[in-house]
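Engineer: sequence unavailable; structure follows:
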């Protein structure tokens, strides 16, 4: 992979983490629909790179330590298992979505196949199967660091 591509990917991941961390720590917001379609990245001559996280339509206010939410909302492929199962969840659900986005960015592929996820069991099986494959299998030549 070209050095500039890796540098851009690192920038995108760092900015995304920074934006989500700020949302969680300072604004107490859980986004609940993190996905590539909700990430805007442009480059301008005067300001350099410009990064923006958008679509807070499903966001909720997180009341802090011990506060948990329920309800399966968001985009299925980026949804944390606890959200999909309508179990209680916290800001960590956004962290899971971030991990899926970062994984897809690094590997230039979707972490889960595009098959139908209407069956909850099928979704979880697909998720587990996909998680068990290492990066070196999915992306030959990937450093083992």
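Structural biologist: Structure's in. What do you need? Keep in mind that this is a model prediction, so the values were computed, not measured.
Engineer: residue 11 and residue 33, how far apart?
Structural biologist: Distance of residue 11 to residue 33, computed by C-beta to C-beta, to the nearest Å: 22 Å. Every residue, glycine included, has its C-beta placed from N, CA and C.
Engineer: which one of these two has more residues nearby?
Structural biologist: When neighbours are counted by other C-beta atoms under 10 Å, residue 33 comes out ahead of the other of residue 11 and residue 33, with 19 against 13.
Engineer: need phi/psi at the more buried one.
Structural biologist: phi -150, psi 50 (degrees, to the nearest 10).
Engineer: wait, it sits on residue 77?
Structural biologist: No - with contact taken as C-beta atoms under 8 Å, residue 33 and residue 77 are classed as non-touching, separated by 11.3 Å.
Engineer: what pLDDT is listed against residue 37?
Structural biologist: Per-residue confidence (pLDDT) for residue 37: 90.
Engineer: from the contact counts, what lies against the lengthiest helix in the chain?
Structural biologist: Looking across the chain with DSSP state H, the single longest helix is helix 3-25. Applying 3 or more C-beta pairs under 8 Å, 6 or more residues apart in numbering; DSSP states H and E, one finds that helix 3-25 makes contact with strand 29-30, strand 39-44, strand 48-53, helix 92-107.
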